[in-house]
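Participant: 3D, please:
(chains A and B)
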There are 2 protein chains.
Amino acid sequence: MEPGWVRDQLPAQPPEHPEPHAAVLADLDRVIVPALTQWQHPGFFGYFPANTSGPSALADLVAAGLGVQGMLWSTSPAATELETHVLDWLAQLLGLPERFRGRGVIQDTASSATLCALLAARERAAAAGAALTVVASQEAHSSVDKAVAIAGLDPGAIVRVPCDARGRLDAAALDEVLAGLDGPVFLVATVGTTSTGAVDPLEAIGGAITGRDVWLHVDGAWAGTAAVCPELRWVGEGLGAADSYVTNPHKWLLTAIDCSALWIADPTWLQRALAITPEYLRDAASASGAVIDYRDWQVGLGRRFRALKLWFVLRMIGAQGLRAHVRRHVALGEDLGARVRAHPRLELVAPVELALVCLAHRDGDAATQRLLDAVNAAPDLLATHTRMGGRLVLRVAIGGVRTEQRHVDRLWEVLARAA
Amino acid sequence: MEPGWVRDQLPAQPPEHPEPHAAVLADLDRVIVPALTQWQHPGFFGYFPANTSGPSALADLVAAGLGVQGMLWSTSPAATELETHVLDWLAQLLGLPERFRGRGVIQDTASSATLCALLAARERAAAAGAALTVVASQEAHSSVDKAVAIAGLDPGAIVRVPCDARGRLDAAALDEVLAGLDGPVFLVATVGTTSTGAVDPLEAIGGAITGRDVWLHVDGAWAGTAAVCPELRWVGEGLGAADSYVTNPHKWLLTAIDCSALWIADPTWLQRALAITPEYLRDAASASGAVIDYRDWQVGLGRRFRALKLWFVLRMIGAQGLRAHVRRHVALGEDLGARVRAHPRLELVAPVELALVCLAHRDGDAATQRLLDAVNAAPDLLATHTRMGGRLVLRVAIGGVRTEQRHVDRLWEVLARAA
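Facilitator: Sure, this is the predicted structure:
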């Protein structure tokens, strides 16, 4: 697809007269769909998955039709209460600590969730008259840098904690870093890094921050929802020490973007950071303190009814269905990992984490680039890359709603031939 | 609706097994819909409208089904190009300056748009080694305060420019304020204030900022889209001096929330403020500079395909249909305004602006409160309030998709009886 091709197919002037639905659908098929990266294709292995599903789409249709705006509890009580409720359901399914019950909110993206957590931590620090230091590992997501920039903190001032060879934050190094800092800290730990899916040692991190003025924010955007499976609950072990936690049902949990779940143990600081109440937004319910006004838990003011899609998904698919969905991908990831391990010219550059397989050609970056090019030259496959210790890495993120064994077989066929 | 009622109707435990769609729809009707404020009801006159429509809902269904994620041009070229294209169409329909062509982006809310504009202005100021001063009128939207707080500027440091008796920023006072300030300024002007719909004098503001280092951001969240009607183009007169402009199709232009249109004349500053590019997001298209990566134009990273709904609406309703929609509400507003003006016990506390009617009882706030209570006691009506010069004001924002003369007649019947 050449830049500008889509725009060239469309009239330069807006339509004056109404056109029939069929005409728009014809252009959808002719111009738009061929120029999309098909995230729902079963051969899509890039970035992280962005699951959608029938229940989610039906719920979005209901939300579009109801057309309510849940900025305040009073502007649609059910929109607020259902959101709190389904996030409590999800917290139970993931085995999250009790302190997060009743404290969930849906954000558009994990980036916004991390920004909100940072703003809350900054507010708590400011109340103590202190400046905040941000600490994160080298492998923390770029949204940490973006949040720091938005909040007006110096991006260069993020203190980086080294990682071990697998990309996990080094808890002993963290202890040293914290010992050398004065004042309050905003610490980001990651459950499932974007590069290789590495899981930071939350239990050890919890030990390192004990007795220190640290706001621990845990970013489990992709990996966190895997905890719906009891055997994968380990991804959330140690969350008891977290002040805030984000994981995205819109990645691997069948709920279409945007649905990023943020829990915040003490939302008071977030509300203090974000509540601005002009006269036209005052009402008795808010003044009573008995309700949540989610406008004070996010950047924007207006809100779509996003809880509906999580509700439809949790009910129509059920915990059993969600577990089967995740387990299928984890099994496919293990299978692909075993094939890479057994191949003489390929190697795993990191352990298979859940359903993320990171591999390289033994002959070096040029050979790995040729693997990538071969995969992406196939019209039915897509993979993306990262770097690990300077080395080019081919990432295979398995998680498509319709991805089955035969699609991984097809990927392997191309990889093995190119290798 | 008592706080907690909705949650009390729902099981405390998440569902283990899949449930049929019909069971979810039954609970939707039983628990959710009765506990919603019906923003699409034709008797909803509160806040500002939040239009939805058939074309918009159909497009949201398509977006949910396609499930693409347009963070980068390459992650779905059509999602990016259609967005730029429909915002150019909208810019033409609204008669916006040429400098905004190709420079539009869809945000979730006007609050996020204003934050982005502030971040861009802060970046431009920082490049010149200077701190930014924020200037806005007393009637500017609370999102300005929220953006200032998020960006880490001192909320108390917003310099307020007085308004005239109608709530419009006083351009002569602005000139004095600017003359007394050193360094770069972020100035917010409003086209259609939230309280009373007042339109700041953009032409005079443009004169006041000439030759000064001012980033002019114009907030036309509600009123701006009225410019689809040639006879209402005056709401956008003077936008030639603006660096950024936001107006929300999701309020009065038949496109369901969230669809807030932001144009930014020089997006370079926004990109410098927000672009963070880790290895896993690098690609050839982005590196070429020939494409837009909208992740650098917003707070979040991931993006839904929101351009689809604006495309469906513009095509299936057409410029003619949009104009008829706006004109109907403006006529209804004029009609209601005339009735208030003619009533011995009621008065308009501000001129009718487009389709927003602000009224009060001549006997004072207690009597006006009784008017509000009477309206909101009716199950088929809703109105909200504000204060103007300390005085309680009943706001009637006309703009519902199905609001007709008979619904305004019904509101008037209740108002006149209570008066």
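Participant: For A:Gly180, grab the count of nearby residues.
Facilitator: 8 (other Cβ atoms under 10 Å in any protein chain shown). The way it works is simple: take the backbone N, C-alpha and C, and place the C-beta from them, glycine included.
Participant: Tell me which stretches of the stretch 1-150 of chain A form helices.
Facilitator: Assigned by DSSP state H, counting those that start in this stretch, the stretch 1-150 of chain A shows helices spanning A:5-9, A:21-27, A:54-66, A:77-94, A:110-127, A:142-150.
Participant: The shortest one and chain B, any residue contact?
Facilitator: Yes: using Cβ under 8 Å from any Cβ of the partner chain as the criterion, contacts between helix A:5-9 and chain B involve A:Trp5, A:Val6, A:Arg7.
Participant: same check, this time on the last one
Facilitator: Yes: using Cβ under 8 Å from any Cβ, helix A:142-150 reaches chain B at A:Ser142, A:Ser143, A:Asp145, A:Lys146, A:Ala149, A:Ile150.
Participant: now, the most widely separated pair of those residues?
Facilitator: Across the residues of helix A:142-150 next to chain B, the longest distance by Cβ to Cβ is 12.4 Å; it joins A:Ser142 and A:Ile150.
Participant: which one of the two has more residues nearby?
Facilitator: Remark: of A:Ser142 and A:Ile150, A:Ile150 carries more neighbours, 26 against 18, as counted by other Cβ under 10 Å.
Participant: give me every residue that touches that one.
Facilitator: A:Ile150 makes contact with A:Leu115, B:Leu115, B:Leu119, B:Ile150, B:Ala151, B:Ala273, B:Leu274, B:Val299, according to Cβ atoms under 8 Å, 6 or more residues apart in numbering or on different chains.
Participant: The last one: neighbouring residues, count only.
Facilitator: Meaning B:Val299. So B:Val299, with other Cβ under 10 Å, has 25 neighbours.
Participant: Can you name the residues of the stretch 301-419 of chain A sitting close to chain B?
Facilitator: That would be A:301-304, A:308, A:311-312, A:314-321, A:384-387, A:395, which are the residues of the stretch 301-419 of chain A within reach of chain B (Cβ under 8 Å from any Cβ).
Participant: Which among those count as buried?
Facilitator: A:301-304, A:308, A:311-312, A:314-319, A:321, A:384-386, A:395 (16 or more other Cβ atoms under 10 Å in any protein chain shown).
Participant: Go through those and flag which are in helices.
Facilitator: A:Leu308, A:Trp311, A:Phe312, A:Leu314, A:Arg315, A:Met316, A:Ile317, A:Gly318, A:Ala319, A:Gly321 (DSSP state H).
Participant: residue contacts, the first one?
Facilitator: Translated: A:Leu308. With Cβ under 8 Å, 6+ apart, A:Leu308 has these contacts: A:Ala59, A:Asp60, A:Val62, A:Ala63, A:Leu82, B:Ile32.
Participant: On the pLDDT front, check the second one for me.
Facilitator: Looking at A:Asp60, its pLDDT reads 97.
Participant: The residue lying closest to it once chain neighbours are set aside: what's it in contact with?
Facilitator: Nearest residue to A:Asp60, sequence neighbours excluded (Cβ to Cβ, 6 or more residues apart in numbering or on different chains): B:Ala64, at 4.1 Å. By Cβ under 8 Å, 6+ apart, the residues touching B:Ala64 are A:Thr52, A:Ser56, A:Ala57, A:Asp60, A:Leu61, A:Ala256.
Participant: same question, A:Ala261
Facilitator: Per Cβ under 8 Å, 6+ apart, neighbours of A:Ala261: A:Leu87, A:Leu90, A:Gly104, A:Val105, A:Ile106, A:Gln107, A:Ala113, A:Val246, A:Thr247, A:Asn248, A:Pro249, A:Leu310.
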